[in-house]
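> Quick check, what structure comes out for this input:
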Amino acid sequence: MFGMLTKEYKNGIRKSLLRCSLRKILFMSFLSWAGSIFGQETYEVVSTSMLNVRSKPTTKSVVLGKLKANDEVKVYSIVNSWAEIIYKNKRAYISSRYLRKINTEDKESYEDVNVQDAPIVISEPKEEMIQEVLPERKKEKIGIDFLPTLYGGMVNLVSDNASPKGNIGGGVDFSFQFIVKENITIIPRNYYMEASLGYSLRGSGHFPLHYIMGKISPIGYRYKISDFELYGSIGAYIGYTFSTIETNSHSFDSNIDWGVLAKIGVEYNKIGLGFSYERGLNNVCNSNLALKNQGIFFNVSYRLLNLK
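So this is what the prediction gives:
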């Protein structure tokens with residue numbers, strides 16, 4: 001008799017515990033359902049890379065997984081740039097910098113979730129979080145700029161056998177500059193090379209010569225002072241002429257001109273002003289006169305395009 005009462009007593013206790021557990025489960029489910037309706041909002045991942053899902057709102061916490069661009073997540077709160085979400089039935093955190101709120105009126109979905117009630121320490125995301133999500137772009141070590149240049153000044157033919165009269169000359173160059181943006185072994189930053197193709201009027205007052213010019217300056221350097229940049233370069237040129245040298249009694253063919261050049265100047269807001277000196281080293285006249293080009297020019301350039 002006593003054994004039967006004890007057994008019934010135990011069964012009663014089990015049923016009471018079972019009813020309590022069931023009520024607790026139903027109550028937690030209700031809270032979860034209510035939170036999902038009133039507390040969450042739908043966001044879309046807009047990162048161009050994979051977004052880390054972390055166990056706590058800090059970049060030093062464990063990475064639970066990753067979200068890709070266009071993934072949708074339910075956000076329960078946002079504190080200090082960290083969004084609280086549910087990931088694989090656990091509370092997790094992602095950076096809110098890479099989320100965009102979307103309209104969820106037409107596509108709400110409710111899921112039963114189990115939110116762990118462990119205390120959470122909130123901390124602000126650091127710069128390294130951005131580096132995790134969006135890798136830093138690799139810096140280009142060499143830049144390429146396109147800059148047309150107009151120049152004009154005094155030109156003359158230098159000779160030991162004659163004294164030609166000087167003339168006003170000039171031309172236009174279409175130049176490409178190759179600029180070192182970061183140190184490369186022994187080549188310093190702001191070192192540059194320049195190559196150009198253009199037209200030039202040279203010669204003298206009595207013997208004007210028209211040239212198609214190619215120039216290259218393998219050594220150049222730019223030095224920045226506040227908003228200004230000082231520059232200087234040295235190089236060489238070669239010119240093909242389609243002119244002849246005419247005198248009262250003779251007509252002489254012109255030879256290809258080649259020589260050396262140097263340039264200095266200053267640039268501000270893409271506009272450059274400077275001076276250049278060019279000295280021919282070859283006799284441009286097919287005779288014994290030994291005529292060589294020489295010119296001093298004032299230059300105006302504009303940094304039109306950045307190609308790299």
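> Going by C-alpha atoms from here, please, whenever you check contacts or count neighbours.
Noted.
> Quick check: residue 97 is in a strand.
No - counting by DSSP: H, G, I helix; E, B strand; the rest coil, residue 97 is not part of a strand but helix.
> which residues touch residue 170?
Shown in contact with residue 170 (CA atoms under 8 Å, 6 or more residues apart in numbering): 150, 151, 152, 153, 154, 200, 201, 202, 297.
> Which parts of the stretch 51-200 of the chain are strands?
Remark: strands assigned in the stretch 51-200 of the chain by DSSP state E, counting those that start in this stretch are 51-54, 63-67, 72-79, 82-87, 90-95, 99-101, 142-158, 167-180, 191-203.
> And the ones you listed: which comes nearest residue 280?
strand 142-158 (8.8 Å; CA to CA).
> Pretty sure residue 271 sits against residue 300.
Yes - counting by CA atoms under 8 Å, residue 271 does reach residue 300; the two are 7.4 Å apart.
> how does the protein divide into domains?
Structurally, the chain divides into domains by automatic domain parsing as follows: 28-133, 142-306.
> Dump the ones you listed to JSON lines, plus mean pLDDT.
Below are the domains of the chain laid out as JSON lines (pLDDT from 0 to 100):
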{"stretch": "domain 28-133", "mean pLDDT": "71"}
{"stretch": "domain 142-306", "mean pLDDT": "91"}
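> between residue 271 and residue 300, who's got more neighbours?
residue 300 (18 against 14; other CA atoms under 10 Å).
> so who does the more buried one touch?
Counted by CA under 8 Å, 6+ apart, residue 300 has contacts 149, 150, 151, 271, 272, 273, 274.
> Name the nearest of these relative to residue 243.
Distances from residue 243 to the contacts of residue 300, taken by CA to CA, are shortest for residue 151, at 20.6 Å.
> check contacts around that closest one.
Going by CA under 8 Å, 6+ apart, the list of residues near residue 151 reads 170, 171, 172, 297, 298, 299, 300.
> If we use 10 Å, what do you get?
By CA atoms under 10 Å, 6 or more residues apart in numbering, the contact list for residue 151 reads 169-173, 200, 273-276, 296-301.
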